[in-house]
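A.B. asks: Predicted model, plus sequence, below.
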Amino acid sequence: MLAVHFGAGNIGRGFIGSLLSDAGYEVCFVDVNAEVVDLLNGKRKYRVVLADETSEETTVTNVRAINSMQNPEKVLEAISEADIVTTAVGPNVLVIISQLLAHGLRKRVEQTDKPLNIIACENMIGGSEFLKKHVYDKLSNDEKNKFDQTFAFPNAAVDRIVPNQTNDDKLMVKVEPFYEWVVDRLNMIGDVPSIEGATFVEDLTPFIERKLFTVNTGHAACAYLGYLAGLKTIKDAMENEDVFQAVVDTLKETGAVLVKKYNFDSDEHMNYVNKIVGRFKNPHINDEIPRVARGPIRKLGPNDRLISPAVQHYKYVNGQPVNLAKAIAAALNYDFSEDEEAVSLQSKIKEVGYEKTIEEICQVPKGHPLFELIMQKLTK
Ligand SMILES: NC(=O)c1ccc[n+]([C@@H]2O[C@H](COP(=O)([O-])OP(=O)(O)OC[C@H]3O[C@@H](n4cnc5c(N)ncnc54)[C@H](O)[C@@H]3O)[C@@H](O)[C@H]2O)c1
Ligand SMILES: O=P(O)(O)OC[C@@H](O)[C@@H](O)[C@H](O)[C@H](O)CO
């Protein structure tokens, strides 16, 4: 069995690649990082180390890699032979890989009608659907019909904190022990694969919203408020009393939305929240704030971890999402000079002001109560 996985980065090697290899797949990574590709092809294995008191180590074997810049035709071949395709490249890069994927799938349908699932493992709602849209934009109507019979793009939620790696062994990945991979079973094609550690569910929406609006909202609040407080890592920020309290209060707001919307048991949800807060405090992980804060324009988008739960708060809960608004204001002020999106966000604010930026990037119109609340937090 062959798995083609786009993105041999933190989550690609540290989570998805590792689970797929354990499930018996040969994992063929596709990446543009020549160093990582060459190392994977040289060693054909890498180490995954748990970030806890055990430092338990496993070796992921049966792996290889293709440099998609140098050898795009090899990627097409691999896609033709694949039993599953997965990605963990970041939402913006999905648009870029959709070109090669479309070519690969075209080549594949000429050779076989074997069904194939393509699963985007990104932190976004509807990631695989988004990738499908970009692939389908490149197809004729005939091709679209053929693809509909053969390929599926089930959405997924992925959860495992994998910080940026600074190990001497460039392939080794240090990961937290916790992980969760949930895939939308109803939108799959063919047999559901047997992958230990992956869960296939009939309704993904509660899972992805619970994950994104708890783990990622909490993470984002911690990172943006921690950055403004001059702190360096997520753990440092969680040790700061004000940031810690703001994270907990923000998660109470998203929790209220989720409990009401999905009828979750509120005690069980609080246990979930407490577990996540514990994960942020993991002393064995050195997760720097810029990794978690990366891409503030994406994170301030209307369907992402800050704006979506804040807007939904008005629908499902009485009262105002004051803590979410505080985190949104902190995100708007994120000015880290090494983050491209932070730089363009700040120049946009300078050029058109906060009001237009909130309307255009967050898509919260003037007149919406959230708009006023964010403006209040910005001037405080
Ligand atoms: N790290 C985590 O804790 C974590 C957890 C859950 C989900 N995710 C999600 O996984 C995705 C990847 O995150 P990450 O932390 O692994 O990032 P990363 O930067 O470590 O990995 C991304 C990889 O994609 C590669 N890449 C870039 N352009 C490419 C292209 N055109 N073709 C093929 N590969 C390309 C990069 O070289 C890199 O190896 C993101 O959507 C992120 O939100 C991350
Ligand atoms: O990957 P991003 O940029 O969407 O978000 C940064 C972190 O919050 C994220 O990578 C978490 O570590 C991960 O989602 C945990 O499962």
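C.D. replies: Arrived safely. Because the structure is predicted, anything quoted here is derived from the model rather than measured. Numbering: from 1, shown residues only. Ligands and ions are numbered 1, 2, ... in the order given.
A.B. asks: which stretch of helix or strand covers the residue nearest the centre of the chain?
C.D. replies: Centroid-nearest residue in the chain, with Cα atoms, centre = their mean: Asn123, separated by 2.1 Å. Using DSSP states H and E, Asn123 maps to neither a helix nor a strand.
A.B. asks: Just confirm it contacts Phe213, I think it does.
C.D. replies: No. Using Cβ atoms under 8 Å, Asn123 is not in contact with Phe213; the gap is 11.3 Å. (Each C-beta comes from the backbone N, C-alpha and C, glycine too.)
A.B. asks: Return every residue with contacts to both of those two.
C.D. replies: Arg305 (Cβ atoms under 8 Å, 6 or more residues apart in numbering).
A.B. asks: who's in contact with stretch 133-146?
C.D. replies: Leu94, Val95, Ser98, Gln99, Leu101, Ala102, Leu105, Arg106, Val109, Phe147, Phe153.
A.B. asks: ok, the fifth one - contacts?
C.D. replies: If a contact means Cβ under 8 Å, 6+ apart, then Leu101 has Phe6, Ile79, Val85, Ile118, Leu131, Val135 as its contacts.
A.B. asks: now swap in the third one and tell me
C.D. replies: Contacts were defined as Cβ under 8 Å, 6+ apart; by that measure Ser98 touches Leu131, His134, Val135, Asp137, Lys138.
A.B. asks: Run a quick neighbour tally on the second one.
C.D. replies: Other residues within reach of His134, judged by other Cβ atoms under 10 Å, total 16.
A.B. asks: Same check on the fourth one?
C.D. replies: Using other Cβ under 10 Å, Asp137 has 11 neighbouring residues.
A.B. asks: measure it to ligand 2 for me?
C.D. replies: The spacing between Asp137 and ligand 2, counted by Cβ to the nearest ligand atom, to the nearest Å, is 24 Å.
A.B. asks: does Met270 belong to a helix or a strand, and which?
C.D. replies: Taking DSSP H and E as the criterion, Met270 maps to helix 266-280.
A.B. asks: that older thread, just the contacts of Ser98: which are in helices?
C.D. replies: Mapping the contacts of Ser98 onto helices (DSSP state H) picks out Leu131, His134, Val135.
A.B. asks: Does the first one touch Cys121 like I think?
C.D. replies: No. In this structure, Leu131 is not within contact of Cys121 by Cβ under 8 Å, at 10.7 Å.
A.B. asks: which residues do those two both contact?
C.D. replies: Thr87.
A.B. asks: Settle it for me: which of these two has more neighbours?
C.D. replies: Leu131 (26 against 23).
A.B. asks: so who does the more buried one touch?
C.D. replies: Residues in contact with Leu131, defined by Cβ under 8 Å, 6+ apart, are Thr87, Leu94, Ile97, Ser98, Leu101, Ile118, Ala120, Phe153.
A.B. asks: what's the distance between it and ligand 1?
C.D. replies: 11 Å.
A.B. asks: Please determine how far that residue is located from Thr86.
C.D. replies: To Thr86, Leu131 is 11 Å away according to Cβ to Cβ, to the nearest Å.
A.B. asks: same deal with Val243?
C.D. replies: Counting by Cβ to Cβ, the gap from Val243 to Thr86 is 34 Å.
A.B. asks: And these two? Which one has more around it.
C.D. replies: Set side by side, Val243 and Thr86 show more neighbours around Thr86, with 27 against 24, by other Cβ under 10 Å.
A.B. asks: List phi and psi for that one.
C.D. replies: Here is the backbone geometry of Thr86 (degrees, to the nearest 10): phi -130, psi 160.
A.B. asks: same deal with Val37?
C.D. replies: According to degrees, to the nearest 10, Val37 has phi -60, psi -50.
A.B. asks: what's the answer for Val63, then?
C.D. replies: phi -120, psi 150.
A.B. asks: ok, so of the contacts of Leu131, who is nearest ligand 1?
C.D. replies: Ile97 (5.0 Å; Cβ to the nearest ligand atom).
A.B. asks: tell me the pLDDT at the closest one?
C.D. replies: Per-residue confidence at Ile97 stands at 98 (pLDDT).
A.B. asks: Leaving out the residues flanking it, which one is nearest to the residue of the chain found nearest ligand 1?
C.D. replies: In the chain, the residue that lies nearest ligand 1 is Gly9 (1.9 Å; Cβ to the nearest ligand atom). Excluding its sequence neighbours, the residue lying closest to Gly9 (Cβ to Cβ, 6 or more residues apart in numbering) is Ala88, at 6.6 Å.
A.B. asks: The one you found touches His5, doesn't it?
C.D. replies: Yes. Counting by Cβ under 8 Å, His5 is a contact partner of Ala88 at 7.2 Å.
A.B. asks: Show me the common contact partners of the two, please.
C.D. replies: With Cβ under 8 Å, 6+ apart as the test, Ala88 and His5 both reach Gly12, Ile16.
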